[in-house]
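Enquirer: what follows is a predicted protein model with its sequence.
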Amino acid sequence: MTFKKIVVGTDFSPASDTAVAQAMHIARHTGAELLLVHAGSLPAAAADVPESVSSSLEEFDTLVREAASADKNALEQLRERLSGQGVEVSHALVDGFPDVAVCEAAQHSQADVIITGTHGRSGVKRFLLGSVAERVVRVADRSVMVSRNDAGRGGFKKILIPIDFSDLAMHAIEVGMELASDDAEIELLHCWQLPPQGTSHRATEAVLRPILQAISTDVEKRGAEVAGKYAGESRTIRFRSVRDAPAQGIQDRLADEDFELIVMGSHGRRGIRRFLLGSVAEATLRHSTCSVFIAHQAPE
């Protein structure tokens with residue numbers, strides 16, 4: 001795939017500053033345009049209200065106008081700071097709640113991906129995503145990246161791509177290849193396990209051993225074929241399979257090595273405003289300390 005436009009949501013916080021920095025790295029690396037989006041309350045036409053509350057409404061309207069003016073100035077200043085750095089940057093101040101407004105801005109501008117920051121605290125094994133980031137991931141009908149660092153200058157150097165050999169997994173690999181630096185190390189991780197019923201105490205080791213060996217051999221063969229398809233002269237692409245539940249297998253790899261980015265496919269359903277992420281994607285988003293890219297197939 002080719003990135004043409006990236007939307008990055010900003011609320012001018014340190015977390016969104018990190019997302020903006022990473023979005024700039026990606027836009028510069030891929031040649032994409034960058035659209036800065038800030039969502040808030042914009043002044044609206046006054047409604048007919050009782051005279052007894054008209055003065056309060058006027059005061060509230062003044063506050064809204066002042067806040068909108070401050071947001072407009074901050075957004076314009078941010079765009080000006082980013083201009084002249086090799087990326088075409090535009091900005092939009094939109095009305096609405098951040099999760100929905102940013103997604104609508106991405107849809108209207110036909111952006112390929114939304115990048116958002118998160119207020120999750122690194123170093124804590126379990127934490128909830130910032131509410132806006134979590135809702136954006138669930139609402140969006142296109143790829144979303146949750147940024148936790150500003151890695152990616154010149155492309156990401158160490159990428160983990162969990163795969164299950166599906167079309168979505170192959171799409172995730174394509175995305176990872178576009179985001180990777182020329183000298184990147186890319187690991188394709190496949191996690192597998194037997195159904196719980198097949199590993200009960202009634203199954204003897206003698207019965208399980210040939211089954212496990214056959215599965216392992218087949219997985220390694222398929223993985224080598226996929227890795228070979230994307231191998232290049234400078235990039236290192238390796239395949240690893242582990243016998244474990246996917247969510248746990250991914251977390252174990254993150255604990256063992258310092259990846260800059262995880263790229264995962266998503267089964268999000270188009271046309272449904274909100275959907276539950278697959279448990280593997282949700283667990284990875286919540287627990288990862290590096291940025292996570294949830295790759296959707298391009299909207300039709």
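Expert: Now that the structure is in, tell me what you want to look at. Computed from a predicted structure; not experimentally measured.

Enquirer: all strands of the stretch 151-300 of the chain, in order?
Expert: Taking DSSP state E, counting those that start in this stretch, the strands of the stretch 151-300 of the chain run over residues 156-162, 180-192, 236-243, 261-265, 291-295.

Enquirer: put together CSV for those strands, with mean pLDDT, distance to residue 210 and mean neighbour count on each row.
Expert: C-betas here are computed from N, CA, C, even on glycine. Putting the strands of the stretch 151-300 of the chain into CSV (pLDDT from 0 to 100; distance: least, C-beta to C-beta, whole Å; neighbours: other C-beta atoms under 10 Å) gives the following:
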stretch, mean pLDDT, distance to residue 210, mean neighbour count
strand 156-162, 97, 27, 24
strand 180-192, 95, 16, 20
strand 236-243, 95, 15, 16
strand 261-265, 94, 31, 27
strand 291-295, 94, 36, 25
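
Enquirer: okay, those strands in TSV with distance to residue 100 next?
Expert: Compiled in TSV, those are given as follows (distance: least, C-beta to C-beta, whole Å):
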stretch	distance to residue 100
strand 156-162	29
strand 180-192	32
strand 236-243	38
strand 261-265	23
strand 291-295	18
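
Enquirer: show me where pLDDT drops low in the protein?
Expert: Low-confidence segments of the chain (pLDDT under 70): 1, 42-57, 60, 119-131, 196-205, 267-278, 298-300.

Enquirer: all helices for it, in order.
Expert: Taking DSSP state H, the helices of the chain run over residues 14-30, 51-82, 98-108, 131-139, 167-179, 205-230, 246-256, 279-287.

Enquirer: and the fourth one, what other elements does it pack with?
Expert: Contacting helix 131-139 under the criterion 3 or more C-beta pairs under 8 Å, 6 or more residues apart in numbering; DSSP states H and E are the following elements: helix 98-108, strand 113-117, strand 143-147.

Enquirer: was I right to think residue 157 contacts residue 186?
Expert: No: the pair residue 157 / residue 186 is not scored as a contact, 9.6 Å apart, by C-beta atoms under 8 Å.

Enquirer: need the overlap of contacts for those two.
Expert: residue 180 (C-beta atoms under 8 Å, 6 or more residues apart in numbering).

Enquirer: before we move on, back to that, out of the helices and strands packed on helix 131-139, the one nearest residue 41 is which?
Expert: helix 98-108 (10.5 Å; C-beta to C-beta).

Enquirer: what lies in contact with that closest one?
Expert: Residues contacting helix 98-108 (C-beta under 8 Å, 6+ apart): 7, 9, 11, 35, 37, 39, 92, 94-96, 111, 113-114, 116, 132, 135-136, 139-142, 299.

Enquirer: which of these are buried? Put it as a PyMOL command.
Expert: Remark: buried members of the contacts of helix 98-108, expressed as a PyMOL selection using 16 or more other C-beta atoms under 10 Å:
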select buried, resi 7+9+11+35+37+39+92+94+111+113+114+116+132+135+136+139+140+141+142
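
Enquirer: turn the helices of the chain into CSV, including distance to residue 152.
Expert: Below are the helices of the chain laid out as CSV (distance: least, C-beta to C-beta, whole Å):
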stretch, distance to residue 152
helix 14-30, 4
helix 51-82, 15
helix 98-108, 19
helix 131-139, 18
helix 167-179, 7
helix 205-230, 19
helix 246-256, 17
helix 279-287, 18
